[in-house]
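**Student:** Got a predicted structure plus its sequence, pasted below:
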Amino acid sequence: MSEVILELEMKRESKSFTDSLYAILTGAGLFSGPKYMLSALSGMASIFSVHERLLPFCVSAYGEWGTVHKRAADNLGIFTVTDAGRTRHPTFKSYQQDAVEWIKASLDRGLAAVYWLPEFGVIHGYDDADRIFYVQDGFSSESRIVLYDNFGINSTPFWYAQIFGGKVDIPVKDMTLEALRMALDDWETPYSVPPDRKIASGRMAYSYYISALEQGDFDAHGAVYILDSFRVSRNEIMLFLQDTAILFPGLNEAVKCYEQLVCNFGAPDRWVDAENRRRAWSPHVVPALVDILKEAERLEEHAMRIFKKISGQYPDLSRSTVPRWGLHSAR
Amino acid sequence: MSNMHRIHWFDQRIRGGHYPSSKDLALQFEISRRQAQRDIEYLAVSLRAPLLYIAKYRGYCYEDRTYVLPHLYMTEEEKSVLKFLARKYGEYSSDSPSGVQRVAHLLGRFAGEEGGEDSRRLPFFEADPRLIQISQQLSFAISHRRVVHLHYRHENGQTRENVCPVRLLSQYNADYVAAYGEHGGGRMLYRLDRIENLHITGRIFEQDDGEEVPLTKAGPPGLKPFTARLKLNSELQGDTWHGYKARSAGDGLYDIEFYDADAFLQQLVLGSWQRLESPKWLKTKLQNRCEQILRCLYGEE
Amino acid sequence: MGKKILKNLGMTIESRSYVDAMHAVLTHAGWTTYSKAVLSGVTVTGFRFAVHRRLTAESPTAYNWMAENFLAADFVGVTASSSAGFSFHPTFPLYRDAAIGQIKASLDRGVGAVIWKDGFAIVAGYDDEEGTLYYDDGGGLGLQRLPYDEFGQNESPYWYYQVFEGTVELDPLEIYKESLMQAAYKWETPDRVLPEADYACGFAAYDAIKQALSDGVYDPVQAAGVFESYAAAKRDVSEYMEMLSRLWPQLEPAADGYRRVADAFQKVMGAMDGDHNRMKRKEQSLVLLFDEAQQAEHGAIGQIKTFMQERIRNRFDHIGLR
């Protein structure tokens, strides 16, 4: 075919990858349900990564995307292929041309693709005559245009794309258990992209955030963006647990933790300097914010203990077998 | 050198007869004692200052009062080392190019080329004297368009050839000279570290205005612009249309290059033209925008 | 319904490693003229040295296949794609079907594929009507049948395949230098997929072997297999270093080091003399031999590092998986 445009709409509400994934899967009938459910089952909700100076890019710097995004599809029972690399590598052009082909093939099959713009967006159409892809970024209903020849070239030194395929059904209980386990993995992993220690994840991310606030040396815009993302994700976890608590005894207690956490944070714009409409913290809110974060950490820690207890009651082959693949991507 | 300002200060203190010590240096610049000591060593060893420690004053003075900090004066040899390093850093490929590129400029400035600012992490290149020498000779040959006789070691053996060198470059962590055969033949890349020896002949070659050396570029791939094909009302004078690069496509048609679609759209609205042939997505975008405006204009929803 | 069986594609076992498979496929495709020994060095696979602390049989193939086998191809200018996973995962059937598709496509292009079948094996053909792949595991039985739905069902819970796509021009000298950089890195760096509590890599692998032999905590049958595999790898690498030292005389001391490593491993195999039960009686002398090898290899790597000085310091944190 020389032109395909899939009608779908991506909206930025959660992490950009989640928003992309949701648009793609619901568009193709591979997922039905609310976004928070997808976010939690894919393991994306529990991700919390923070740069020591609260630079905004860290919201997407949660580890090797190939690994994280594959585990997301795995738990949903969906086949996926990811590819990525550095645009400076001498072989980039050939991988780029390959990627253009398999993305078009995916679109021909009616499935849109994830694409790193930055941030993550959705390639939902192509036109051979103009040699372009149509890309949704979730902010505007009008799609962006990317030339085939510019595929993968962006303001960062790397490119990333992901397509999906068939689906197998996985019992909800199994998916939920795995979601809890993914949350535990994230909680216990101190650094998203070791050996770089500038970005912390999970439990450690809290201390980075609190530290940055207390020391006063942080990116104002990033601070708000990170916290927004965090609030959304914890809200997603809360809603997810409310829906699934019935599957595991004891999970109800974790629901309460997240309900308390979400409640403590209050409305989205509560912490922002509403007067000058700037999205930044007013200095006077910092102490209160730090207190709430400390409490949130405590609440999540408690929830994690519950997850761990539940997890321990069932065998976990994936985690007890040494893999023959890694966390690190080759290119 | 990031410590030059400290060295300066130390030098001034010595001249002022203050007998500065490493402790003073450390205090003044809030550096460690060890670092201060290293600065002093640098002054003594690399800058060959005749430092003399006077126990009575617990500080330093110059044994030879006529000593002057030599950093303003560089030998030709030192300049050629910097030139070599400047080129290497300039062509070093990394994911955070700015720091390294700036070093290249800085070094180049010392050696008499373009200017720059300071750097962060400095890659380390061994300044192999033989390579520097070869590099220097080739630089001369390039700028004076001299034919060079090369004794070169290939994978399969050795050759002797006469070449016209045109450019020095660093790719894949090795240094090369791009040259073409004296009596024809395309451009070749010769690794500097496989040149057994060379000598510069008295013969001069013609300037070659041919294409770029065909190499897999190790730098970031350039962003390709979008191209709109417009039929304009009249022939274009020059090669731009309202500042956008334009190429004639025959028959009053022009291929106009742009990167930002929204900005170009504005230009389309403002400018005058007869027909927008392609790309289709741009036509759609323009149409949507016009429809939107008309809706507002005629008070529709 | 398609069918394709590539002629003259077979595999022999030397080190019982990935190189045996890769060499077979690439040589058949005309994409390499390197001997197995040189391939082993150039791809860095021969330099990898990791063991389970109890010297279990899977040690020589315990590594990140995806990344390292990809890099192995990359180092010889071959583009490749691969995939792997646990066969017990619910999505496995989806990946199995995709894998078969990729393997068939490769065979249609005239190039074999590498798979994991409790050891690296090559696929030389397929037949849709029969619904099978034809593979050779180097065991001497020639091509054997593997029904599509049995692909990936192994004793070990892994499935894996790799197909090779094309070639890119590379500068051989750069490849050799790159392999040396990687060799030094492997010597010093624990493999991230192997928990340190259970595995040791590079220099530390020797310590683990000596420890296991001294403690007597190992199964001779499995340990013998591990030593045999690595003896072949060290032999390969020694040949590779020999070749490099002819190109760069400064590497002669390193080549000499590896000669001694290979010799020590030969002596280890000699000490067992085909009877792994002898291992228990010869632990002391084996420990001494491994110690000798360790020192020799340590020295050799040191010399390699000196030779590569400029490159290593430029790479900062790009070393390893590039």
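**Tutor:** Received the coordinates, thanks.
**Student:** and chain C, which of its residues are near chain A?
**Tutor:** Along chain C, the residues adjacent to chain A under the rule C-beta under 8 Å from any C-beta of the partner chain are C:61-67, C:70-71, C:74, C:79, C:84-86, C:88-91, C:93-95, C:97-98, C:116, C:157-158, C:160, C:166, C:168, C:192-195, C:198, C:317, C:320-322. C-beta coordinates here come from the backbone N, C-alpha and C atoms, glycine included.
**Student:** Strands - which of the residues you listed land there?
**Tutor:** C:T79, C:A84, C:G85, C:F86, C:W116, C:Y158, C:Y160, C:G166 (DSSP state E).
**Student:** Give me the buried entries from those residues.
**Tutor:** For those, a burial check counting by 16 or more other C-beta atoms under 10 Å in any protein chain shown picks out C:T79, C:A84, C:G85, C:F86, C:W116, C:Y158, C:Y160.
**Student:** Now for those: which two are most distant?
**Tutor:** C:T79 and C:F86 (26.2 Å; C-beta to C-beta).
**Student:** so A:S49 bridges to which residues?
**Tutor:** Per DSSP bridges, residues listed as beta-bridge partners of A:S49: A:S201.
**Student:** B:R203: neighbour count?
**Tutor:** 13 (other C-beta atoms under 10 Å in any protein chain shown).
**Student:** okay, the spatially closest residue to it that is not a sequence neighbour: pLDDT?
**Tutor:** Spatially, and ignoring its direct neighbours in sequence, B:R203 is nearest to B:V147 (4.2 Å; C-beta to C-beta, 6 or more residues apart in numbering or on different chains). We have a pLDDT of 89 for B:V147.
**Student:** mind checking how far B:V147 is from A:N75?
**Tutor:** Distance, B:V147 to A:N75, by C-beta to C-beta, to the nearest Å: 68 Å.
**Student:** Among these two, which residue is more densely surrounded?
**Tutor:** Neighbours were counted for B:V147 and for A:N75 using other C-beta under 10 Å; A:N75 has more, 24 against 18.
**Student:** While we're on the more buried one, how confident is the model there?
**Tutor:** 97.
**Student:** Could you chop chain A up by domain?
**Tutor:** Using automatic domain parsing, the domain parsing of chain A gives A:3-51+A:58-167, A:172-315.
**Student:** The chain: strands as residue ranges?
**Tutor:** Using chain A. Using DSSP E, strands in chain A cover A:3-5, A:49-51, A:78-86, A:113-116, A:120-127, A:132-136, A:144-147, A:158-167, A:199-201.
**Student:** wrong one, I was asking about chain C
**Tutor:** Under DSSP E, chain C gives strands at C:3-5, C:50-52, C:78-86, C:113-116, C:120-127, C:132-136, C:144-147, C:158-167, C:199-201.
**Student:** just for chain A, where's the confidence low?
**Tutor:** Along chain A, segments meeting pLDDT under 70 span A:90, A:272-279, A:327-331.
**Student:** Show me what from it comes close to chain B.
**Tutor:** Contacts of chain A with chain B, taken as C-beta under 8 Å from any C-beta, map to A:86-88, A:90, A:92-93, A:127, A:129-130, A:132, A:134, A:142, A:145, A:147, A:149-150, A:153, A:157.
**Student:** How much space separates the closest residue in space to A:R231 that isn't next to it in sequence from A:W116?
**Tutor:** In space, and not counting its chain neighbours, A:R231 is closest to A:F265: 5.5 Å by C-beta to C-beta, 6+ apart. Per C-beta to C-beta, A:F265 is found 29 Å from A:W116.
**Student:** Around the residue of chain A found nearest chain B, count how many other residues there are.
**Tutor:** Residue nearest to chain B within chain A: A:D130 (3.8 Å; C-beta to the nearest C-beta). Neighbour count of A:D130, defined by other C-beta under 10 Å: 19.
**Student:** measure the residue nearest to it when sequence neighbours are not counted to B:P225 for me?
**Tutor:** Computed as C-beta to C-beta, 6+ apart, the closest residue to A:D130 that is not its neighbour in sequence is B:P279, at 3.8 Å. Separation of B:P279 from B:P225 (C-beta to C-beta): 12 Å.
**Student:** C:F70 now?
**Tutor:** C:F70 is 34 Å from B:P225, by C-beta to C-beta.
**Student:** who has more neighbours, those two?
**Tutor:** More crowded of C:F70 and B:P225, by other C-beta under 10 Å: C:F70, with 22 against 17.
**Student:** Next, the buried residues of the biggest helix by length in chain C.
**Tutor:** Longest helix in chain C by number of residues, with DSSP state H as the criterion: helix C:220-247. Buried residues in helix C:220-247, counted by 16+ other C-beta under 10 Å: C:222-245.
**Student:** re the thing from before, now for the residue nearest to A:R231, how many residues are close by?
**Tutor:** 19.
**Student:** That one reaches A:E295, doesn't it?
**Tutor:** No - using C-beta atoms under 8 Å, A:F265 is not in contact with A:E295, being 9.9 Å away.
**Student:** Could you break chain C into its assigned domains?
**Tutor:** C:3-33+C:78-167, C:172-314.
**Student:** can you list those in a markdown table and add distance to A:Q260?
**Tutor:** Shown next, in a markdown table, are the domains of chain C (distance: least, C-beta to C-beta, whole Å):
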| stretch | distance to A:Q260 |
| --- | --- |
| domain C:3-33+C:78-167 | 34 |
| domain C:172-314 | 36 |
